[in-house]
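Engineer: Any chance you can model this:
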Amino acid sequence: MDWKDALLDIVKDSGLRLRFREPLAKHTYFGIGGEATAYIEASTTTELAAVARFHRQWNVPVAIIGRGSNLLVSDTGFNGIGVRLVGELAKLEVDGNVVSVGAGLSLPRLSKAMSRRGLSGVEFALGIPGSVGGALIMNAGAWGSSFGDVVTEVTVMNDTGELVNLTHAEADFEYRHSGLDTYFCVTGATLKLEPGDADTITARMQAFYKQKVETQPFAEENAGCMFKNPPGDSAGRLIDISGLKGYRIGGAEVSTVHGNFILNIDNATASDVLNLVAHIQQQVREKTGTSLQTEVKRLGFDD
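Structural biologist: Here you go, the predicted model:
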């Protein structure tokens, strides 16, 4: 039996929503990439566990797509199953200053909900269009704050469908990195926030957002910051002084607003983006001596 036929049998016995040959370009902020062989929306841990066990049994690649804000998909697509977490896996529960969040919840929604409740710690997240799960794996951050700073516990699922609770230390948070991508999926986390004045927190959140809008591109399709900031420096600054703002390959262009953003301005392909990334890395290395490392995740590539 083909794994796609077997997957149909799994779906019959669950609430999973399944589509074959799903264009991933429409599920990413970059608007780039080919089709996933299969695409699933899982709304409960039971449904997600069924996918995990299927992945283990059939050895089929599975990628948790999240909100696709930090993702570049290959032009040839992804020969596997793309998964998005919805429903119970995007929950938000508040008990005092302790917050339980599902991995599928969007960061802007979390940030706005917490500011209304007078809880501080995630104001920076309003301008990050990703999901909680992606923020945990990447330890996303801005304005000197990182998501891992407010996390006390993370819940993950292994490839047998079992849930495992990890402490903050076990999550192994580092700059734009964690140890969480070794598990099948991150399903949620517990956050500890600081109580404060709702108006003050909201004003700070909006000030962060205003600064982001003024200093980073918002209208064009992109995947956020393309490169990690080197220690003690800014990738955007290095790209700027290397004279690369506005440099274009195919439909991909270095933003003239902020050099650390690559824009899809004219039906760019993933190849356009990768060629531009390589050019930026070469030029910055030659002109500044610094080797830039990419921050954006890749899906469907051989390397």
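
Engineer: okay, CA-based contacts and neighbour counts for the rest of this
Structural biologist: OK.

Engineer: Could I get the full set of helices for the chain?
Structural biologist: 3-12, 45-58, 107-116, 132-138, 168-171, 198-215, 235-241, 270-288 (DSSP state H).

Engineer: Show residues contacting the fourth one.
Structural biologist: In this structure, residues lying in contact with helix 132-138 by Cα atoms under 8 Å, 6 or more residues apart in numbering are 66, 101-107, 140-141, 147-148, 176-181, 186-188.

Engineer: Next: the shortest one.
Structural biologist: Applying Cα under 8 Å, 6+ apart, the external contacts of helix 168-171 come out as Gly148, Val151, Thr152, Glu153, Val154, Ser178, Gly179, Leu180.

Engineer: Recalculate using a threshold of 10 Å.
Structural biologist: 136-137, 148-156, 165, 177-181, 189-190 (Cα atoms under 10 Å, 6 or more residues apart in numbering).

Engineer: go on, the second one?
Structural biologist: Among residues not part of helix 45-58, those counted as contacts by Cα under 10 Å, 6+ apart are 2-4, 6-7, 10-11, 13-17, 40-42, 59-62, 80-81, 83-85, 88-89, 157-163, 184-185, 187.

Engineer: Now Val273: closest residue in space that isn't a chain neighbour?
Structural biologist: Spatial nearest neighbour of Val273, excluding adjacent residues (Cα to Cα, 6 or more residues apart in numbering): Ala252 at 5.7 Å.

Engineer: for Leu299, that is, sorry about that
Structural biologist: Val73 (4.8 Å).

Engineer: before we move on, back to that, which one of the helices of the chain is the most hemmed in?
Structural biologist: helix 132-138 (a mean of 27; mean count of other Cα atoms under 10 Å).

Engineer: Report the rounded mean pLDDT for it.
Structural biologist: Average pLDDT, helix 132-138: 96.

Engineer: circling back: if burial is judged by neighbour count, which of the contacts of helix 132-138 pass?
Structural biologist: With neighbours counted using 16 or more other Cα atoms under 10 Å, those contain these buried positions: 66, 101-107, 140-141, 147-148, 176-180, 186-188.

Engineer: if we can go back for a sec, so what's the residue count around the residue nearest to Leu299?
Structural biologist: 27 (other Cα atoms under 10 Å).
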